[in-house]
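> I would like the atomic coordinates for the input below:
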Amino acid sequence: MADASVTLRLTITDPVPGVAYSLQDKDNHPVEPQTAGDGPLSFDVALRLSEDGRWLGSFVRREGAQRRFVYIAIGTSAGDHTSEWTRRAKIDIHDMPDTLKAAARMGGVPEAVLPGRSKDGSPACATVRVREWRLV
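Next comes the predicted model:
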């Protein structure tokens, strides 16, 4: 079995309106910036899933042998240099359920549903826990 090309969808359910969000590549560049409105924001991330279940690609970061994650840049990190926010959210993907990994190999699109705000109402940042994994 070879590496599989996979699309992973990251959906922020309640982003802060007026704030820029983007994917962040391995060179820390914002990719596909979007300014939040009143509804959810989604990013489709092109990845590869190795034969042994590791996530690979230009958006995948790692810590140690197991941990794999993707960054969402926020505010100035997403390219809006007028923003009051300079943040990024770390989205762990290594713990995606195996059933979704298998579906992704077959062409399905797994989605990570994410909170968009911290307790104080500002954009969520640091390690942001996935609220729900589902297949879309």
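> show me where the chain has its helices.
98-105 (DSSP state H).
> identify the residue nearest residue 16 in space, chain neighbours excluded?
Spatial nearest neighbour of residue 16, excluding adjacent residues (Cβ to Cβ, 6 or more residues apart in numbering): residue 123 at 5.0 Å. (C-beta placed from N, C-alpha, C; glycine too.)
> the one you found against residue 83, yeah?
No - taking contacts as Cβ atoms under 8 Å, residue 123 lies outside contact range of residue 83: 9.4 Å.
> about what we covered before: OK, contacts around the residue nearest to residue 16?
15-16, 19, 21, 74-75, 85, 87, 89, 116-117 (Cβ atoms under 8 Å, 6 or more residues apart in numbering).
> list buried residues within these.
Neighbour-count burial within the contacts of residue 123 applies to 15-16, 19, 21, 74-75, 85, 87, 89, 116; the criterion is 16 or more other Cβ atoms under 10 Å.
> would you reformat those residues as a markdown table and include pLDDT and distance to residue 110?
Output for the buried ones among the contacts of residue 123, formatted as a markdown table (pLDDT from 0 to 100; distance: Cβ to Cβ, whole Å):
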| residue | pLDDT | distance to residue 110 |
| --- | --- | --- |
| 15 | 98 | 20 |
| 16 | 98 | 25 |
| 19 | 98 | 25 |
| 21 | 98 | 20 |
| 74 | 98 | 23 |
| 75 | 98 | 27 |
| 85 | 97 | 28 |
| 87 | 97 | 25 |
| 89 | 98 | 18 |
| 116 | 95 | 19 |
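> mind putting those in JSON lines, distance to residue 48 included?
As requested, the buried ones among the contacts of residue 123 are exported to JSON lines (distance: Cβ to Cβ, whole Å):
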{"residue": "15", "distance to residue 48": "27"}
{"residue": "16", "distance to residue 48": "32"}
{"residue": "19", "distance to residue 48": "30"}
{"residue": "21", "distance to residue 48": "24"}
{"residue": "74", "distance to residue 48": "26"}
{"residue": "75", "distance to residue 48": "29"}
{"residue": "85", "distance to residue 48": "31"}
{"residue": "87", "distance to residue 48": "27"}
{"residue": "89", "distance to residue 48": "22"}
{"residue": "116", "distance to residue 48": "27"}
